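Sequence first, predicted model second:
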Amino acid sequence: MKQTIIFIMAFLLSGISVNAQTTNTFAKKDNVLGIGFGIGGVYGISGFSSQSPTFGMQYDRGIVELGMGGVIGVGGFVGYKRFVDKIELPADTYKQKWDIIIIGARGTFHYDLFKVEKLDTYGGVMIAYHIVNEKQDFPDNYINNIASFSNAAYASIYAGAKYYFVPQVSAFAEFGYGVSWLTLGAAFKF
């Protein structure tokens, strides 16, 4: 996990040594709305019978163009994920379900790392609050020793790229630690 974070930080910082150039795909006052799904993640929580992808919507607005090149953006994230843990025994089935609503604030740094037309490369951080709704389906005589999750705030780090097929529509991919390891989707600039 530390290696992943180091790789992402190196990716973000490597843009500083590249010749300064403002990206042509994301600028001050641009608004971008992305819709996608994420695989894995949620801070390394594992060991469940099943889990859904993270379905999410993200927003990014360019607020500052930097003199060295690049644009700083701020925005938000709203998402949903479900975990299910099911134990089947000869006499009974024990089931526990967690529905998580994720609400977050994102900060991004957009920089033209690869000088590829129509490609927006960026990295960022997010602080998110997870609202957890837990449901249990256990027999009355079952003693619950399974760990429970509660509402909490978490931080995420990510790096991503958007490729614009037309000036207002792009596909994106983000890699990171947090809500998802890999997020794929479509984004719309307005």
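The structure has been received and is ready for your questions.

how about the strands in the chain?
31-39, 50-51, 54-65, 71-88, 93-110, 119-137, 152-166, 169-177, 182-189 (DSSP state E).

roughly how far is the first one from the heart of the chain?
Spelled out, that is strand 31-39. Relative to its chain's centre, strand 31-39 lies at 8 Å (CA atoms, centre = their mean, to the nearest Å).

Give me the buried stretch members for that strand, please.
Judged by neighbour count using 16 or more other CB atoms under 10 Å, the buried positions of strand 31-39 are V32, G34, G36, F37, G38. Where C-beta positions appear, they are placed from N, C-alpha and C, glycine not excepted.

Same list (the strands of the chain) but as CSV, adding distance to T25 and mean pLDDT.
Output for the strands of the chain, formatted as CSV (distance: least, CB to CB, whole Å; pLDDT from 0 to 100):
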stretch, distance to T25, mean pLDDT
strand 31-39, 9, 96
strand 50-51, 33, 84
strand 54-65, 10, 97
strand 71-88, 10, 92
strand 93-110, 8, 92
strand 119-137, 4, 93
strand 152-166, 6, 95
strand 169-177, 8, 96
strand 182-189, 8, 97
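
Please produce JSON lines containing the buried residues of strand 31-39, extended by distance to T108.
Rendered in JSON lines, the data for these read as follows (distance: CB to CB, whole Å):
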{"residue": "V32", "distance to T108": "9"}
{"residue": "G34", "distance to T108": "11"}
{"residue": "G36", "distance to T108": "15"}
{"residue": "F37", "distance to T108": "19"}
{"residue": "G38", "distance to T108": "16"}
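
Nearest to G69 among those?
Top of the list for closeness to G69, among these and by CB to CB, is V32 at 18.6 Å.

OK, contacts around that closest one?
Applying CB atoms under 8 Å, 6 or more residues apart in numbering to V32 gives the contacts F26, Y59, D60, R61, G73, G75, K162, A187, F188, K189, F190.

Now with 6 Å, please.
Residues near V32 by CB atoms under 6 Å, 6 or more residues apart in numbering: D60, A187, K189.

same question, G62
The contact partners of G62, by CB under 6 Å, 6+ apart, come to F26, A27, K28, K29, D30, V71, G73.

Bridge partners for Y164, pull those for me.
Legend: beta-bridge partners of Y164 under DSSP bridges are S170.

meant to ask about E65
With DSSP bridges as the criterion, the beta-bridge partners of E65 are V71.

Let me know how buried it is, in neighbour terms.
Residues lying near E65 (other CB atoms under 10 Å) number 16.

and if you look at A152?
Once other CB under 10 Å is used to define contacts, A152 is seen to have 11 neighbours.
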